[in-house]
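Visitor: Pasted the sequence and its predicted model underneath.
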Amino acid sequence: MKKVITLATSKGGAGKTTLARSLACHWFNVGIKVGVIDADPQGSIINRHNPEGPLKDLLIIAQPEEIVDNTIADMKENCSIVLVDTGGFRNRTTIKALIATDIALIPLKPSADDVSGAIETYNLIKELNETPERVDNPIKYRMILTMTQQGTVISRHVRDELKSMGYFMLESELYHRVAYPEAAIQGLSPSLTDPESPAARDISRIVGEINNLL
Ligand SMILES: Nc1ncnc2c1ncn2[C@@H]1O[C@H](COP(=O)(O)OP(=O)(O)OP(=O)(O)O)[C@@H](O)[C@H]1O
Ligand SMILES: [Mg+2]
């Protein structure tokens, strides 16, 4: 079973890179053959990666060009899960990555702009699913709330609204926790820096839901 998961949304700063890094660290830590493609021209993942650190054996490739689909195909040879972190929206690289994807994860903070970005991204996926390449094998997607304060009215409100409009959402959220930016300084995530932490447990729950989709 080889699966490609792409993180995408038209809204900047929604948590794509943090989620990509968190998923990669979790799967790497439990011995799954995971690889990461940094398709963001900013190189947010690759620039923080320490090739001598705990992730030295994790396969990470920067590929911000539209040949990203070839890079995905190559990485699938060696990995069970390929994670793609995207930057620009509706550029050829992101579109090529989505076309080669099994599951698209759309992160959004509980804010109006992030909701618009998530819906815009859903609309792009819907468009791609009508193309000959994907009409018989549609890209699955899930929206996921990020940087939420546990139990706040705003995140419940956004979740209820999106669900009532018929969008698919993960039940788990990437709660706002300082552990993420702290671990990111070294290009890591709480699953590696503090495996017993609440943040690491949040990631385990998110992974559990994603595993059910794979
Ligand atoms: N769950 C979280 N808790 C606390 N801080 C977070 C969380 N998720 C992300 N952040 C912080 O929010 C900022 C934006 O997150 P991130 O870089 O993951 O978003 P992005 O969607 O990849 O942004 P870009 O559009 O620039 O690629 C970063 O500083 C990150 O450390
Ligand atoms: Mg990013």
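Guide: All right, it came through fine. Ligands and ions are numbered 1, 2, ... in the order given.

Visitor: State the pLDDT value of the residue in the chain that ligand 2 sits nearest to.
Guide: Nearest to ligand 2, among the residues of the chain, is Thr17, at 3.2 Å (C-beta to the ion). Placement of C-beta: from N, CA and C, glycine included. Reported pLDDT at Thr17 in the predicted model: 98.

Visitor: got it, and Thr86?
Guide: 98.

Visitor: ok so, going back, number of nearby residues for the residue of the chain closest to ligand 2?
Guide: Residues near Thr17, counting by other C-beta atoms under 10 Å, number 22.

Visitor: cool, Asn129 as well?
Guide: Residues near Asn129, counting by other C-beta under 10 Å: 18.

Visitor: now swap in Glu173 and tell me
Guide: Glu173 has 21 neighbours, counted by other C-beta under 10 Å.

Visitor: Contacts only, for it.
Guide: Ile144, Leu145, Thr146, Thr148, Ser155, Asp202 (C-beta atoms under 8 Å, 6 or more residues apart in numbering).

Visitor: quick check, the first one in a strand?
Guide: Yes - assigned with DSSP: H, G, I helix; E, B strand; the rest coil, Ile144 falls within a strand.

Visitor: Just after the one helix or strand Ile106 maps to, pick out the following helix or strand.
Guide: If you go by DSSP states H and E, Ile106 is part of strand 103-108. Counting by DSSP H and E, the next helix or strand C-terminal to strand 103-108 is helix 112-128.

Visitor: And that following helix, what's buried?
Guide: For helix 112-128, the buried set under the neighbour-count rule, 16 or more other C-beta atoms under 10 Å, comprises Asp114, Val115, Gly117, Ala118, Ile119, Thr121, Tyr122, Leu124, Ile125, Leu128.

Visitor: Other residues contacting that helix?
Guide: 8-11, 14, 89-90, 95, 98-99, 104, 106-108, 134, 139, 141, 143, 158, 161-162, 167.

Visitor: Now do it, average pLDDT.
Guide: Averaging pLDDT along helix 112-128 gives 97.

Visitor: hmm, it touching ligand 1?
Guide: No - using C-beta under 6 Å from any ligand atom, helix 112-128 stays clear of ligand 1, with a minimum separation of 9.5 Å.

Visitor: How far away from the center of its chain is that helix?
Guide: In terms of C-alpha atoms, centre = their mean, to the nearest Å, the centre of helix 112-128 is found 15 Å from the chain centre.

Visitor: again, but for stretch 81-90
Guide: How far stretch 81-90 lies from its chain's middle: 7 Å, per C-alpha atoms, centre = their mean.

Visitor: Repeat that for stretch 140-151.
Guide: With C-alpha atoms, centre = their mean, you get 11 Å for stretch 140-151.

Visitor: Contacts made by it with the rest, please.
Guide: With C-beta under 8 Å, 6+ apart, stretch 140-151 has contacts from 14-15, 18-19, 102-110, 118, 122, 125, 154-155, 158-159, 162, 167-170, 172-176, 206, 209-210, 213.

Visitor: Please export the C-alpha coordinates of that stretch as PDB.
Guide: The C-alpha trace of stretch 140-151 is given here as PDB (Å, rounded to 0.1, in the frame of the first residue of the first chain):
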ATOM      1  CA  LYS A 140     -10.100  12.200  -1.300                       C
ATOM      2  CA  TYR A 141      -9.900  15.200   0.900                       C
ATOM      3  CA  ARG A 142     -10.400  16.200   4.600                       C
ATOM      4  CA  MET A 143     -10.400  19.700   6.100                       C
ATOM      5  CA  ILE A 144      -8.600  19.900   9.500                       C
ATOM      6  CA  LEU A 145      -8.900  22.700  12.000                       C
ATOM      7  CA  THR A 146      -5.500  24.000  13.200                       C
ATOM      8  CA  MET A 147      -4.300  26.300  15.900                       C
ATOM      9  CA  THR A 148      -7.600  26.000  17.800                       C
ATOM     10  CA  GLN A 149      -8.100  26.600  21.500                       C
ATOM     11  CA  GLN A 150      -9.600  23.400  22.900                       C
ATOM     12  CA  GLY A 151     -13.300  23.600  23.500                       C
END
